[in-house]
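Enquirer: sequence first, predicted model second:
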Amino acid sequence: MPDFAESVSSQLSALVERGEVASVAFAVVAGTDVHGGGFGGADTDSVFQIGSVTKAFTGLLLADSAARGEVKLSDRATDYLPGAPPGRVTLVPMQGS
């Protein structure tokens, strides 16, 4: 893990040095080990707007949960949203719906 975190740190530092990004903060997590840092004035306490990247993470987490059998893609979304009004929207729209 430290070698991987060091590699990530080195690559991100180079992006800032080349001016490809103004600043970057990062965290590498493996089990209970966490290695983090930042460049260009950013650090692990910096706040960034992450925008649409959350859609990709949400999709990956949903796929992983479905693969482990924790959810079915045909489940109603409201089954996982306490207090939401009942609805027919599923986690993934079913073909032909």
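Expert: Nice, thanks for sending it over.
Enquirer: for the residue nearest to the spatial centre of the chain, helix, strand, or coil?
Expert: Note on the chain: the residue nearest the mean C-alpha position is Phe57, at 4.1 Å, using CA atoms, centre = their mean. Following DSSP: H, G, I helix; E, B strand; the rest coil, Phe57 is assigned to helix.
Enquirer: for it, what are its contacts?
Expert: For Phe57, the contact set (CB atoms under 8 Å, 6 or more residues apart in numbering) is empty. Where C-beta positions appear, they are placed from N, C-alpha and C, glycine not excepted.
Enquirer: let's have the chain start at 40 instead
Expert: In the new count, where the first residue is 40, that last one comes out as Phe96.
Enquirer: against Ile89, how distant is it?
Expert: Distance of Phe96 to Ile89, computed by CB to CB, to the nearest Å: 9 Å.
Enquirer: what do you get for Leu54?
Expert: According to CB to CB, Leu54 and Ile89 sit 17 Å apart.
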